[in-house]
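Novice: mind folding the following:
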Amino acid sequence: MEAFLRYVIENLTDSPEGVELTHAETAKKVTFRLRLPEGEAGKIIGKQGRTIAAIRNLLSAGAARQGQRAVLQLEE
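Specialist: As a prediction, this is how the structure comes out:
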């Protein structure tokens, strides 16, 4: 799941070296925290939040296949 997120997010941003992706894991839940360089958040969020919603949906589907729950939080 982390490799998928890193791939998608780094390809959506202009400066992929500034992307920080961390995760905290419990028995049934994985929380990913995403920190982006200034000015890059709009590219990940997209118009009316559609891009981040799509990323979250794909992440949730992948986690469900493994019997887990995944959450993506965008930090400023």
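Novice: quick check: mean pLDDT of stretch 14-31?
Specialist: For stretch 14-31, mean pLDDT rounds to 92.
Novice: all strands for this protein, in order.
Specialist: Ranges of strands in the chain, per DSSP state E, are 20-25, 29-35, 69-75.
Novice: so what touches the shortest one?
Specialist: Residues from elsewhere that reach strand 20-25, judged by C-beta atoms under 8 Å, 6 or more residues apart in numbering: 2, 5-6, 9, 30-36. To be clear about C-beta, it is placed using only N, CA and C from the backbone, and glycine gets the same treatment.
Novice: quickly run through the sheet partners of it, with directions.
Specialist: strand 29-35 (antiparallel) (DSSP bridges).
Novice: can you pull the buried residues of the strand it pairs with?
Specialist: Buried residues in strand 29-35, counting neighbours by 16 or more other C-beta atoms under 10 Å, are found at 30, 32, 34.
Novice: my understanding was that the second one contacts residue 62; is that so?
Specialist: No. Between residue 32 and residue 62 no contact is recorded; they are 11.6 Å apart, counting by C-beta atoms under 8 Å.
Novice: residues that sit against both of the two, list them.
Specialist: 1, 70.
Novice: contact partners for residue 28?
Specialist: Taking C-beta under 8 Å, 6+ apart, one finds 67-69 in contact with residue 28.
Novice: which among these end up buried?
Specialist: Buried among the contacts of residue 28 by 16+ other C-beta under 10 Å: residue 68.
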